[in-house]
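> I would like the atomic coordinates for the input below:
(chains A and B)
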There are 2 protein chains.
Amino acid sequence: MSSTSPAARWRVDDVPTPALLIDPTVVERNLARMQGYATEHGLRLRPHTKTHKSVHVAARQIAHGAVGLTVAKAGEAEVMARVEGCDDLLVAYPVFDPARRDRVAALARGGLTVRVGVDSALAVDLLAEAARAHDVTLGFLVDLDVGFRRTGVQSAAEAVALARHVDRTRGARLDGVMFYAGHIKARPTEQAASLGSVATLLAEVLDAWHASGLRAPIVSGGSTPTALQSHALPQLTEIRPGTYAYQDMNGVRGGHCALDDCAASLACTVISTAVPGKVVVDAGSKTLTSDRNSLFSDSGFGHVVEYPQAKVVRLSEEHGELDVTSCDRRPKLGDRVRIIPNHICPCVNLQDRAWLLPDEGAADGYLQPLPIDARGRLS
Amino acid sequence: MSSTSPAARWRVDDVPTPALLIDPTVVERNLARMQGYATEHGLRLRPHTKTHKSVHVAARQIAHGAVGLTVAKAGEAEVMARVEGCDDLLVAYPVFDPARRDRVAALARGGLTVRVGVDSALAVDLLAEAARAHDVTLGFLVDLDVGFRRTGVQSAAEAVALARHVDRTRGARLDGVMFYAGHIKARPTEQAASLGSVATLLAEVLDAWHASGLRAPIVSGGSTPTALQSHALPQLTEIRPGTYAYQDMNGVRGGHCALDDCAASLACTVISTAVPGKVVVDAGSKTLTSDRNSLFSDSGFGHVVEYPQAKVVRLSEEHGELDVTSCDRRPKLGDRVRIIPNHICPCVNLQDRAWLLPDEGAADGYLQPLPIDARGRLS
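As a prediction, this is how the structure comes out:
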């Protein structure tokens, strides 16, 4: 994997910090592994691009065999519509405000297949109206709550009612069901019971659905923590993991990946050692976010690669405070350290660009800028 | 206060959400109040610009009487050097990486007074070297830890030793002392004991300092929570509050401001009401940050202006979940609500632009874009 942008004249040792470093070798391995799993189990892979927000990485996902891409917001859809080889976008998010639904419908004009996840008849009506205004058809997936209790219809009856509504609305095409099992964070080997409940609910929904004469060519699930157990849900046709591209400490501490699978880290500089027992780096919540580990909220704000006994105990906006009292050696003033964040997705959104590490053995050793094309696309 | 950017064709009711709305009337009142306090007590005001990151708002602070501006990073300094009427910048942050110290020194070439806060001799040496390379002099403030335990020298003896080091270094000018009392979060009326300890430490440091024949024309403190009690520290010559310009729920719940003093809110759209008892808006941690309230960590992720009984109970990146079970009326699908965030500073950093509300009674009622000029300046 290499970026097409012109090489910047920075190396790992002098790039201005904090800097988000991406190891392209690890990314390629992560992409290949997830695609291999999907292919082996006859599942289509539609990666969520919220993690990397990069046209370049998305193109690599398509090159590996992804059937399309997933986004949350209209602005992200507009960016990912530029990805070479991508002719199929899922906006896995209900689209309400007028400007946004117009932009989503407009995207479908050039032959791109555009689908939207919805959990209300009003969302269908407003989006279908926008579709008709642009003389296009939008695909719809009925969003089903499988236990995360964030969005999604609450029962098979509600799912079928909404599916019927889509089916009879001009400008709308019923494409199936989607869900997000964000509540399942256990280690893959301990997910059987939770996934069993999801499978039971899916079977009930799809039975009622088919009994009503409706079609569901797409049944879409598969967050990164559950992705490699997707074969436990026989109804699934596709998965939408996002984080797997870069991985993070939520994944490591959750048992969903190894430390070596983390492709992204923040290079920081030690700026103060004045307070006894502490070392302060120039990456705070403005760089790492304030996201605590999703399973171990007291584990600090990331993992210090070179000093694994250090704990990132407190963040201000521009300061990361490391408790180094358990370290047998300590970083010195001006030293550089790398921190793997708890949650890589919002962290990527805080940077204007990442930097691709040089391929192993590359003679020049320069970093290549990786634009974060969909950064800040809030709507 | 009005922006000089061309008016965008959005009103409050149709601006794409989530959108950061700023009430310029409230900002002006906040700026006037803090300047009035500083002037009354013979203190210079040097606002920290991290809150608004806006050249326009910074220029208003200078127009109200601020003697200069405060920033954390070199990139922010470069932006704020453009502010009309500002000839004096404090980088209240030790500058280490080579690119950054070169940029800070370069800023001083055009006649701008540039000072840096430091807590190590190494920072002084590296910055002075950069200053000499640019044929300029940098001012230095010795960063003193008054109890927050983040950065800063630990004693009067350390402060004097570092001050002496500055004083004998070519390219460096000793300008005084700075501190950040981030540990004092009590209501202003309950800060007396904490501020008394700070005053005692400051007296000890300055006595030793002056006994060594050193000068300290600047003694700089004053975070927003303590700013209006700065007269309790007789040694202070200037204050550096930042958040006061916009205020936020940390300030409201901490008793440092009233709800009416909050100038910034996020306009959001209700995108799902499918889960009983919940209403979901299109602003999550990618818009509001994951920052919990600094004093009441269980109070949720902000205050819903139109539905004060609603609690923002959980954030995903793009979803804000409101528990509305205590509300006597509930927002409907597609409705807009405004959320005042816990911590406005990192929230501003997540937006490419804010929107200035029209002045009360303005006939056209259009929002004016307010660029967030220093957004994302990480280094």
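> Show the contacting residues for residue A:136.
If a contact means CB atoms under 8 Å, 6 or more residues apart in numbering or on different chains, then residue A:136 has A:105, A:108-109, A:114, A:171 as its contacts. All C-beta atoms are positioned from the backbone trio N, CA, C, and that covers glycine.
> If we ignore the residues flanking it in sequence, what's nearest residue A:196?
Excluding its sequence neighbours, the residue lying closest to residue A:196 (CB to CB, 6 or more residues apart in numbering or on different chains) is residue A:232, at 7.4 Å.
> what about that neighbour, how many neighbours?
Using other CB atoms under 10 Å in any protein chain shown, residue A:232 is surrounded by 16 other residues.
> List the residues that contact it.
Neighbours of residue A:232 in contact, by CB under 8 Å, 6+ apart: A:191-192, A:195-196, A:199.
> Out of those, flag the one nearest to residue A:328.
Distance to residue A:328 across those (CB to CB) is lowest for residue A:191, with 37.0 Å.
> Would you check that that closest one makes contact with residue A:227?
No: using CB atoms under 8 Å, residue A:191 is not in contact with residue A:227, being 10.7 Å away.
> one step back: now tabulate the contacts of residue A:232 in CSV and tack on pLDDT.
Formatted as CSV, these follow (pLDDT from 0 to 100):
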residue, pLDDT
A:191, 93
A:192, 93
A:195, 96
A:196, 96
A:199, 97
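> May I ask which two of these are separated the most?
A:191 and A:199 (11.3 Å).
> Neighbour count for these two, which is higher?
More crowded of residue A:191 and residue A:199, by other CB under 10 Å: residue A:191, with 20 against 16.
> Spatially, what comes nearest to that one if we skip its sequence neighbours?
Nearest non-adjacent residue to residue A:191, counting by CB to CB, 6+ apart: residue A:229, 5.1 Å away.
> okay but that neighbour is in contact with residue A:195, surely?
Yes: counting by CB under 8 Å, residue A:229 does reach residue A:195; the two are 6.0 Å apart.
> and the residue nearest to residue A:191, how many neighbours?
21.
> any idea how far it is from chain B?
As judged by CB to the nearest CB, to the nearest Å, residue A:229 and chain B stand 21 Å apart.
> That residue: what's it in contact with?
Counting by CB under 8 Å, 6+ apart, residue A:229 touches A:188, A:191, A:195.
> and what of residue A:339?
Residue A:339 is in contact with A:265-266, A:268, A:281, A:283, A:288, A:301-305, A:312, A:320, counting by CB under 8 Å, 6+ apart.
> Swap in 10 Å and give it another go.
Shown in contact with residue A:339 (CB atoms under 10 Å, 6 or more residues apart in numbering or on different chains): A:18, A:249, A:265-268, A:281, A:283, A:287-288, A:300-307, A:310, A:312, A:320, A:322, A:347.
> swap in residue A:31?
Contact analysis of residue A:31 by CB under 10 Å, 6+ apart lists A:1, A:45, A:47, A:57, A:60-61, A:63-66, A:244-245, A:263.
> Please check those residues and keep the buried ones.
Among the contacts of residue A:31, those buried by neighbour count (16 or more other CB atoms under 10 Å in any protein chain shown) are A:1, A:45, A:47, A:57, A:60-61, A:64, A:66, A:244-245, A:263.
> Cross those against strands and list the overlap.
residue A:45 (DSSP state E).
> name the element residue A:312 belongs to?
Using DSSP states H and E, residue A:312 maps to strand A:311-315.
> That strand: how far from the chain's middle?
In terms of CA atoms, centre = their mean, to the nearest Å, the centre of strand A:311-315 is found 25 Å from the chain centre.
> neighbouring strands for that strand, and are they parallel or not?
Here strand A:311-315 has these sheet partners by DSSP bridges: strand A:320-323 (antiparallel).
> show me where the stretch 151-300 of chain A has strands.
A:172-179, A:218-221, A:238-239, A:264-272, A:278-281 (DSSP state E, counting those that start in this stretch).
> Would you reformat the ones you listed as JSON lines and include mean pLDDT, distance to chain B and mean neighbour count?
Shown next, in JSON lines, are the strands of the stretch 151-300 of chain A (pLDDT from 0 to 100; distance: least, CB to the nearest CB, whole Å; neighbours: other CB atoms under 10 Å in any protein chain shown):
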{"stretch": "strand A:172-179", "mean pLDDT": "98", "distance to chain B": "12", "mean neighbour count": "24"}
{"stretch": "strand A:218-221", "mean pLDDT": "98", "distance to chain B": "16", "mean neighbour count": "23"}
{"stretch": "strand A:238-239", "mean pLDDT": "98", "distance to chain B": "18", "mean neighbour count": "25"}
{"stretch": "strand A:264-272", "mean pLDDT": "97", "distance to chain B": "4", "mean neighbour count": "25"}
{"stretch": "strand A:278-281", "mean pLDDT": "98", "distance to chain B": "6", "mean neighbour count": "26"}
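> Could you list the low-pLDDT ranges of the stretch 101-250 of chain A?
Within the stretch 101-250 of chain A, not a single segment meets pLDDT under 70.
> need the residues of it near chain B, please.
Applying CB under 10 Å from any CB of the partner chain, we find that the stretch 101-250 of chain A lies next to chain B at A:103, A:118-123, A:126, A:143-145, A:148-154, A:158, A:162, A:180, A:182, A:242.
> Mind giving me the ChimeraX select for those residues, buried ones only?
Here is the ChimeraX selection string for the buried members of those, based on 16+ other CB under 10 Å:
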select /A:103,118,119,120,122,123,126,143,144,145,148,149,150,151,152,153,158,162,180,182,242
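> Which of the residues of the stretch 101-250 of chain A next to chain B fall in helices?
Mapping these onto helices (DSSP state H) picks out A:103, A:121-123, A:126, A:158, A:162.
> Separate out the buried members of the contacts of residue A:339.
Neighbour counting by 16+ other CB under 10 Å classes A:18, A:249, A:265-268, A:281, A:283, A:287-288, A:300-305, A:307, A:310, A:312, A:320, A:322, A:347 among the contacts of residue A:339 as buried.
> pLDDT wise, what is residue A:331 at?
For residue A:331, the pLDDT comes out at 97.
> what do you get for residue A:99?
Taking residue A:99 on its own, its pLDDT is 87.
> Where do the helices of chain A begin and end?
Under DSSP H, chain A gives helices at A:24-40, A:55-64, A:74-80, A:98-107, A:121-133, A:156-167, A:192-211, A:224-227, A:249-253, A:285-288, A:344-348.
> Residue B:376: which of those is closest?
That would be helix A:285-288 among the helices of chain A, by CB to CB, at 8.5 Å.
> same for that closest one, what does it pack against?
Here helix A:285-288 touches strand A:264-272, strand A:311-315, strand A:320-323, strand A:336-340, helix A:344-348, helix B:344-348, going by 3 or more CB pairs under 10 Å, 6 or more residues apart in numbering or on different chains; DSSP states H and E.
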